[in-house]
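[1] Sequence plus the predicted model coming up.
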Amino acid sequence: MPRIDVETIPGELGDEPASFVLLGKRFSVRELIDRWFGEDHAYFKVRGDDGVIYILRYALTEAEWEMVLMDASSCDASGDGKNQFSASGGTMTSAPWPQPAGRSDRRG
């Protein structure tokens with residue numbers, strides 16, 4: 001998964017992403033849709049200022065951010081929903097939304 005630079009701001013349950021840099025382009029977080037916590041990671045489902053939904057993962061022990069998934073189907077003019085991607089090794093491949101277990105917090 002590609003590592004990304006993330007700027008955070010204080011949130012209700014700790015720091016949360018405010019913006020991130022992916023492939024040299026800066027994106028502002030327009031909306032924090034959801035968050036959940038795993039054993040060693042915190043996950044943030046956000047909508048960027050480009051309208052795309054991203055899942056960002058913060059590795060608690062390494063203090064590093066990664067982009068786990070991007071869903072551009074909300075920006076797809078055809079409406080067929082085929083623009084869903086997951087980043088892996090710098091390439092994009094089709095992938096379904098992950099089904100995280102044990103969500104400890106939800107924002108609506």
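    Looks like it came in fine.
[2] Looks like residue 21 contacts residue 5 (just checking).
    Yes - counting by C-beta atoms under 8 Å, residue 5 is a contact partner of residue 21 at 4.4 Å. Just so you know, the C-beta spots here come from the backbone N, C-alpha and C atoms, and that holds for glycine as well.
[3] so where's this structure uncertain?
    Within the chain, the segments meeting pLDDT under 70 span 74-108.
[4] what's stretch 12-27 in contact with?
    Stretch 12-27 is contacted by residues 2, 4-10, 28-29, 32, 35, 42, 44, 46, 48-50, 54, 56, 65, 67, 105 when judged by C-beta atoms under 8 Å, 6 or more residues apart in numbering.
[5] ok so, going back, neighbour count: residue 21 and residue 5, which is higher?
    Each of residue 21 and residue 5 has its neighbours counted (other C-beta atoms under 10 Å); residue 21 has more, 13 against 10.
[6] Am I right that the more buried one is in a strand?
    Yes - residue state for residue 21 (DSSP: H, G, I helix; E, B strand; the rest coil) corresponds to a strand.
[7] if I look at it, how far off is residue 2?
    Note on residue 21: its distance to residue 2, by C-beta to C-beta, to the nearest Å, is 11 Å.
[8] Mind listing what's buried along the strand ranked longest in the chain?
    Longest strand in the chain by number of residues (criterion: DSSP state E): strand 25-37. Neighbour-count burial for strand 25-37 flags 27, 29, 32, 33, 34, 35, 36, 37 (criterion: 16 or more other C-beta atoms under 10 Å).
[9] Follow the chain on from that strand and name the next helix or strand.
    Using DSSP states H and E, the next helix or strand after strand 25-37 towards the C-terminus is strand 41-48.
[10] packing partners for that following strand?
    On a contact count with 3 or more C-beta pairs under 8 Å, 6 or more residues apart in numbering; DSSP states H and E, strand 41-48 meets strand 14-22, strand 25-37, strand 53-59.
[11] Now do the closest residue to residue 29 other than its chain neighbours against residue 61, distance only.
    Distances taken as C-beta to C-beta, 6 or more residues apart in numbering put residue 46 closest to residue 29, at 4.7 Å, once the chain neighbours are dropped. With distances taken as C-beta to C-beta, residue 46 is found 22 Å from residue 61.
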